[in-house]
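Visitor: Need the 3D shape of this:
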Amino acid sequence: MAMNGTGESRFEVVPMQVRPRIGLPAPQFEAESTVGAVRLQDYRGSWLVLFSHPADFTPVCTTELLALAEMAPEFKKRGVELLGVSLDSVFSHIAWVRNIAENFGVTIPFPIIADPNQEVAALYEMIMAGESKTQTVRSVFVIDPTSVLRAMLFYPMAVGRNTGEILRLIDALQIADRLGAAIPANWKPGDPVVMPAPKTVEAAANRSQTGSGYVDWYFCKRKLD
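Guide: I've put the predicted structure just below:
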């Protein structure tokens with residue numbers, strides 16, 4: 001509470017920090033990276049996978065960068081950009097990327113944000129005290145072309161991510177958007193999708209006319225074209 005010019009008290013409205021929440025705009029950021037300054041708004045119009053790793057020059061993180069570099073062309077086919085982040089300095093990132101190229105013959109084709117002040121990590125809640133207070137966990141944020149956060153994945157520091165699952169998630173989201181459909185458990189590209197449950201009695205009654213994918217009024221599959 002503060003005093004105004006007349007000596008009367010008034011309440012100040014303190015804006016709440018934007019937190020990462022599925023279905024809401026992703027927190028905006030600007031940070032230094034291995035390709036210079038990057039901003040979230042630079043990626044507007046494209047899908048973005050923002051992912052954190054605990055530390056440079058560590059074995060599991062190295063396997064993840066190698067896996068993502070190998071999968072990068074598949075992400076690119078789907079209009080998806082990749083962007084890494086950790087609390088290491090940009091100099092550490094550069095040295096690590098060069099080391100990977102020298103030791104494994106792999107060029108890392110995406111930027112890595114240097115976040116030593118934990119600004120991006122705080123915005124996206126990448127640090128979890130139960131794992132570490134000084135390193136990020138292995139988080140993944142899928143952000144759509146309108147900068148809306150569509151999915152979040154978190155892995156412990158000891159377990160590397162499955163890059164194929166991240167790609168499957170992208171496929172699922174893009175198909176769900178295109179068809180207005182929902183994606184069943186263990187779905188793989190090419191599998192049928194399911195239609196959202198009807199919201200009216202009339203729509204439920206009409207579901208039996210949908211063909212071979214019909215099981216019951218609330219469960220109806222649709223084959224992909």
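Visitor: any idea which helix or strand comes after the longest helix belonging to the chain?
Guide: Here the longest helix in the chain is taken by residue count, with DSSP state H as the criterion, and it is helix 59-77. Sequence-wise, the next helix or strand beyond helix 59-77 is strand 80-86, with elements assigned using DSSP states H and E.
Visitor: centre of the chain versus that next one, how much separation?
Guide: Remark: strand 80-86 is offset 9 Å from the chain centroid, using C-alpha atoms, centre = their mean, to the nearest Å.
Visitor: What part of the chain, helix or strand, is modelled with the least confidence?
Guide: Every helix and strand in the chain was compared by mean pLDDT, DSSP states H and E; the lowest is strand 2-3, with a mean of 44.
Visitor: Flag every buried residue along the longest helix of the chain.
Guide: Taking 16 or more other C-beta atoms under 10 Å as the basis for neighbour counts, the residues of helix 59-77 that come out buried are Val60, Cys61, Thr62, Glu64, Leu65, Ala67, Leu68, Ala69, Met71, Ala72, Phe75. (C-beta placed from N, C-alpha, C; glycine too.)
Visitor: Please apply the same query to stretch 26-38.
Guide: When neighbours are counted by 16+ other C-beta under 10 Å, the buried residues of stretch 26-38 are found to be Ala26, Pro27, Phe29, Ala31, Glu32, Ser33, Thr34, Val38.
Visitor: Go ahead and name everything in contact with that stretch.
Guide: Stretch 26-38 is contacted from outside by 18-20, 39-41, 50, 83, 85, 90, 93-94, 97, 111-115, 119-120, 123-124, 141, 143, 147-149, using C-beta atoms under 8 Å, 6 or more residues apart in numbering.
Visitor: So which bits of the helix or strand hosting Asn103 are buried?
Guide: Mapping Asn103 onto the secondary structure by DSSP H and E places it in helix 90-104. With burial defined by 16+ other C-beta under 10 Å, the residues of helix 90-104 counted as buried are Val90, Ser92, His93, Trp96, Val97, Ile100.
Visitor: what packs against it?
Guide: Counting by 3 or more C-beta pairs under 8 Å, 6 or more residues apart in numbering; DSSP states H and E, the packing neighbours recorded for helix 90-104 are strand 30-33, helix 59-77, strand 112-114.
Visitor: contacts for that helix?
Guide: Contacts with helix 90-104, where a contact means C-beta under 8 Å, 6+ apart, come from 32-34, 56-57, 62, 65-66, 86, 88, 106-108, 112, 114.
Visitor: so how far is that helix from its chain's centroid?
Guide: Chain-centre distance of helix 90-104: 24 Å, with C-alpha atoms, centre = their mean.
Visitor: for stretch 171-181, same thing?
Guide: 16 Å.
Visitor: Leaving out the residues flanking it, which one is nearest to the residue most central in space within the chain?
Guide: For the chain, the residue sitting closest to the mean C-alpha position, by C-alpha atoms, centre = their mean, is Phe141 at 1.7 Å. Beyond its immediate neighbours in the sequence, the residue positioned closest to Phe141 (C-beta to C-beta, 6 or more residues apart in numbering) is Leu50, lying 4.4 Å away.
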